[in-house]
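Q: I would like to see how this sequence folds:
(one chain, ligands or ions: 2)
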Amino acid sequence: MIRKLLRRVFNHRAAPLSAPTEPARIPVSQHGIQRGQVSAGAVKVCATLQDRGHQAYIVGGAIRDLLIGHLPKDYDVATSATPEEVRALFRRSRIIGRRFKIVHVLNGLETIEVSTFRAAQNAETDQHGRVLADNSYGSQAEDAIRRDFTVNALYYDPLTETIVDYHHGVADLQQKTLRVIGEPRARYREDPVRMLRAVRLAAKLGLIIDPAARAPIRDMAILLENVPTARLFDETLKLLMSGNAVRCISQLREEGLHHGLLPLLDIILDQPIAERFIWLALENTDSRVRADKSVSPGFLFAALLWPELSRTWKERQAAGEASHPALFDAMDEVLAAQAQRLAITRRVAGDIKELWGLQSRFDKRTGRAPYRLIEHPKFRASWDFLLLRAQAGGIPEDLPDWWHRFAHAGQSEREELLRAASANGVKAPARKRRRSRRKSAEPKTAVPELVPAP
Ligand code: ATP
Ligand code: MG
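A: Numbering: from 1, shown residues only. Ligands and ions are numbered 1, 2, ... in the order given. You can find the predicted model right below:
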């Protein structure tokens, strides 16, 4: 089945990309982006490069975003200067990457990514046609061809305030269309991540993926399996933290692309409570991003994988493992399954485990344990997580409420809350342990129910 799919995907040969004729040069009177609206750092980089006789433009997402009234996240500059020439012109700069060399130029707190115009030819590829290295430099027209979507191939010269548009990107943006430059199948084969980018950008910008670009995605999704896991992790993170995660994931499911992303998402989304939990987590993330609040990758992945963890944890307990070791073994099992497809970095994995591990401590509402928990540096994040679980219907709604009150109460109110919790039959493992120790110290005849039948 997989082989058949691969054959179908690879039997389509790439249509050669033809160099476009003269680009459109759109003046500020038509597009409206003035120099003052773009980052001062990016303007400075372009001005310095142009001053030395190089071509230099602001390119990509920033111009696209400004045209539709979004605030750009970061700025990319494309230039005719080589990475070494760029490096020599800016004191606070460094060359990064070897297979795809670019220069990071620092300006105050801002980092401007400067890349040299690239030519599509001579790129090194793997056996599936995926481009592995691409350091052959070319003209601006060649650089425009190798960009992914027409709306991403817009070059803005901040000195003349002109947009150079080779592939009708401005018109596509006006018509709310996301169109691949060249033949979509060939472009996805070169870099399967473009399929994910199509979905993410369409969701973020409210664009419709052009039918020709959309049609092959379902068949070609399988190619994502050849993409290095670290790159998939980065793309997934971008997608999930874009502020449009709900829209992105819905669209990914429609396109059949979620398989390549989070392998367990399918299974998870089939269970009603789990599905509710995941959508709530994504909605929660989206509203935090939109309100400019911090979102940690650890929290997000902990949430997405929670239903799976919770299932594995229960299974292990049902098989006779004690709750605590079962939880920690389940964590390792779930993260190991993900690692095969998604290289969750070690630091993020550490954050995930910490959040998960803290969840079991919310059950202990007796003795000193609650005092220790509210002092924990990750109490706030783990409480947010608890709230999410309650909203999804996985645990009683009054549990997060109790902890919120406990964390903000004075001493006497805290004691009152602890009394109320134990009167409500709260699980108290510490006390139970003590009682069972006492019981075992007593003559066995006093506790006949604990004595195994002879
Ligand atoms: P955003 O910054 O909102 O995520 P972006 O389009 O700026 O979107 P970047 O990853 O910053 O995305 O890429 C900058 C530009 O580089 C893009 O606009 C596009 O022109 C080009 N680009 C990025 N990734 C690819 C790719 N996989 N294939 C071809 N061109 C790409
Ligand atoms: Mg960008």
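
Q: Helix or strand: which one has the residue in the stretch 201-350 of the chain positioned nearest to ligand 2?
A: At 9.5 Å from ligand 2, residue 238 is the closest residue in the stretch 201-350 of the chain, using C-beta to the ion. Yep, even glycine has a C-beta here, placed from its N, CA and C like the rest. Applying DSSP states H and E as the criterion places residue 238 in helix 229-240.

Q: which other helices and strands contact that helix?
A: Counting contacts by 3 or more C-beta pairs under 8 Å, 6 or more residues apart in numbering; DSSP states H and E, helix 229-240 packs against helix 193-205, helix 245-255, helix 258-261, helix 297-318.

Q: distance of the residue in the stretch 101-250 of the chain that ligand 2 sits nearest to from residue 204?
A: Residue nearest to ligand 2 within the stretch 101-250 of the chain (C-beta to the ion): residue 113, separated by 7.5 Å. Per C-beta to C-beta, to the nearest Å, residue 113 is found 19 Å from residue 204.

Q: can you check residue 356 too?
A: Counting by C-beta to C-beta, the gap from residue 356 to residue 204 is 30 Å.

Q: For residue 11, give me the pLDDT.
A: Here, the pLDDT recorded for residue 11 equals 38.

Q: Just the CA atoms of stretch 302-321, as CSV, please.
A: Backbone C-alpha positions of stretch 302-321 (Å, rounded to 0.1, in the frame of the first residue of the first chain) are rendered in CSV as follows:
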residue,chain,number,x,y,z
ALA,A,302,2.0,18.0,27.5
ALA,A,303,-1.6,18.8,26.7
LEU,A,304,-1.7,17.2,23.3
LEU,A,305,-0.2,14.0,24.6
TRP,A,306,-2.1,14.0,27.9
PRO,A,307,-5.0,11.7,26.8
GLU,A,308,-2.5,9.2,25.5
LEU,A,309,-0.5,9.4,28.7
SER,A,310,-3.6,9.1,30.8
ARG,A,311,-4.7,6.0,28.9
THR,A,312,-1.2,4.4,29.2
TRP,A,313,-1.0,5.2,32.9
LYS,A,314,-4.4,3.6,33.5
GLU,A,315,-3.5,0.5,31.5
ARG,A,316,-0.3,0.0,33.5
GLN,A,317,-2.2,0.4,36.8
ALA,A,318,-4.8,-2.1,35.6
ALA,A,319,-1.9,-4.5,34.9
GLY,A,320,-0.9,-4.3,38.5
GLU,A,321,1.8,-1.5,38.5
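
Q: re earlier: the residue of the stretch 101-250 of the chain closest to ligand 2 should be in a helix, yeah?
A: No - per DSSP: H, G, I helix; E, B strand; the rest coil, residue 113 lies outside any helix segment and is strand.

Q: which stretch among the helices and strands packed on helix 229-240 comes nearest ligand 1?
A: Closest approach to ligand 1 among the helices and strands packed on helix 229-240 is made by helix 193-205 (5.0 Å; C-beta to the nearest ligand atom).

Q: can you list the helices and strands packed on helix 229-240 in JSON lines and add mean neighbour count and mean pLDDT?
A: Listed next are those as JSON lines, based on neighbours: other C-beta atoms under 10 Å; pLDDT from 0 to 100:
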{"stretch": "helix 193-205", "mean neighbour count": "23", "mean pLDDT": "92"}
{"stretch": "helix 245-255", "mean neighbour count": "20", "mean pLDDT": "83"}
{"stretch": "helix 258-261", "mean neighbour count": "20", "mean pLDDT": "59"}
{"stretch": "helix 297-318", "mean neighbour count": "21", "mean pLDDT": "90"}
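
Q: will you turn these into JSON lines that also has distance to residue 91?
A: Formatted as JSON lines, the helices and strands packed on helix 229-240 follow (distance: least, C-beta to C-beta, whole Å):
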{"stretch": "helix 193-205", "distance to residue 91": "33"}
{"stretch": "helix 245-255", "distance to residue 91": "39"}
{"stretch": "helix 258-261", "distance to residue 91": "40"}
{"stretch": "helix 297-318", "distance to residue 91": "32"}
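
Q: Using CSV, lay out those together with distance to ligand 2.
A: Formatted as CSV, the helices and strands packed on helix 229-240 follow (distance: least, C-beta to the ion, whole Å):
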stretch, distance to ligand 2
helix 193-205, 10
helix 245-255, 16
helix 258-261, 20
helix 297-318, 18
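
Q: now these in TSV, with distance to ligand 1?
A: As requested, the helices and strands packed on helix 229-240 are exported to TSV (distance: least, C-beta to the nearest ligand atom, whole Å):
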stretch	distance to ligand 1
helix 193-205	5
helix 245-255	12
helix 258-261	15
helix 297-318	16
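
Q: ends of stretch 99-109, how far apart?
A: 27 Å (C-alpha to C-alpha, to the nearest Å).

Q: Give me the contacts around the helix holding residue 238.
A: Helix 229-240 is contacted by residues 193, 196-197, 199-200, 224, 245, 248, 252, 260-262, 282, 285, 297, 300, 304, 339-345 when judged by C-beta atoms under 8 Å, 6 or more residues apart in numbering.
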